[in-house]
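[1] I'd like to go over a predicted model; first the sequence, then the structure.
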Amino acid sequence: MKKIFVIALTLVLSLGATAQEKKTTIKAGDLSIGINVNPMSAFGKAKWQPEDGAFSGDYVDGIGKKPAQMYILSKDPVASFKLRYHMTESVALRAQLGITGSVINHKQYVKDDQAVYLNPDSQNQVFDVVTSKLNAGSLGLALEFIKGSGPLKFNASVGLLYAIAGGSMDFSYGNPFNKDWNGNVPTSSAFTQNAGAPADLNDGYPVGKLGVQYARPLKRFNVGYTNAVGLTVDMGIEWFFSGSMSLGAAVTFTPIMVMFQPQTYTTYEGYTNLAVAGGSDEGSVIEFNKLVSPGSTGLLYGTNNFGLRLSLNYYL
């Protein structure tokens, strides 16, 4: 039995050595797929999900208007897929795709205004729903240069990175507007409201103009997608540890990137005491938009947004 084990082990090692010898030289036409991980990008400040108990619109507002939050777009994705086509032994065309996102339905109970109106002792409840849809993605195209013989190779690349990020937040309420139930103000969860909203609202939409004394958001911070394009460079090594697989490590930079943020609005609903077309003489529920941001641009440059890309590659 011992002799058979030694023979089998020798055979496995010899096959591995043979496979290793075959793949230490990259040939024109070789195709490889891989998975990248960049732990340095995980320290970015952008938040793609709200913290527990936080006002639902604050973190979306941060992504939509603050350049410091948008800076995360210039970083290499935390995780991504990679495809390389080797045009020659020393030059390859590389494509990299990374995506992230979330869809969160947050529900919270509030009292049922209609039930309480009919019976003040009623304990009936309805619930409000806040649906947050945030996502981001990046696509990188680069020309990679490879040097070295044997299982360890040096590589460097230069390319373009396109990134996109944004989303929306939608609100639905268990209590509709009704002028007879609760003084024109339906009960809504604290999660859907901002204490400063009425004052902000009246600054842009005076009561005398719309006849609205209270409004609540239907789509808060309707963030148009932020688009960014940048130049990327990286340098690293690749080690072939088997016939068709390799490990890679590279330091990455995005030294310059330009960004474009479109106009963003908040959609409100409110009960107006004014007669409106299609409504009753006593007033109606209306919807209207308020400008949050007129649009902005950004120019990011420097070398402090570096990363460390680790990869596992398989040659087809």
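    Here it is on my side, so go on.

[2] Show me where the chain has its helices.
    With DSSP state H as the criterion, the chain has helices at 2-22, 58-65, 67-70, 113-118, 197-204, 207-210.

[3] what's the fourth one packed up against?
    Right, the one you point to is helix 113-118. Using 3 or more C-beta pairs under 8 Å, 6 or more residues apart in numbering; DSSP states H and E, no helix or strand is in contact with helix 113-118. The C-beta positions use only the backbone N, C-alpha and C, and glycine is treated the same way.

[4] among the helices of the chain, where is the model least confident on average?
    Of all those, the minimum mean pLDDT falls on helix 67-70 (a mean of 41).

[5] residue boundaries of the strands in the protein?
    Ranges of strands in the chain, per DSSP state E, are 31-37, 79-86, 91-111, 125-147, 152-172, 212-222, 226-240, 245-261, 264-272, 284-293, 296-301, 307-315.

[6] Identify the bridge partners of the nearest residue to residue 230 once chain neighbours are set aside.
    Excluding the flanking residues, the one nearest residue 230 by C-beta to C-beta, 6 or more residues apart in numbering is residue 257, at 2.9 Å. Note on residue 257: beta-bridge partners residue 230, residue 300, judged by DSSP bridges.

[7] Now do residue 257 against residue 292, distance only.
    23 Å (C-beta to C-beta, to the nearest Å).

[8] again, but for residue 106
    Distance, residue 106 to residue 292, by C-beta to C-beta: 21 Å.

[9] cool, and residue 210?
    According to C-beta to C-beta, residue 210 and residue 292 sit 18 Å apart.

[10] Comparing residue 257 and residue 292, which shows the higher neighbour count?
    residue 257 (23 against 18; other C-beta atoms under 10 Å).

[11] wait, doesn't the more buried one sit right on residue 297?
    No - applying C-beta atoms under 8 Å as the test, residue 257 and residue 297 come out as separate, 11.3 Å apart.
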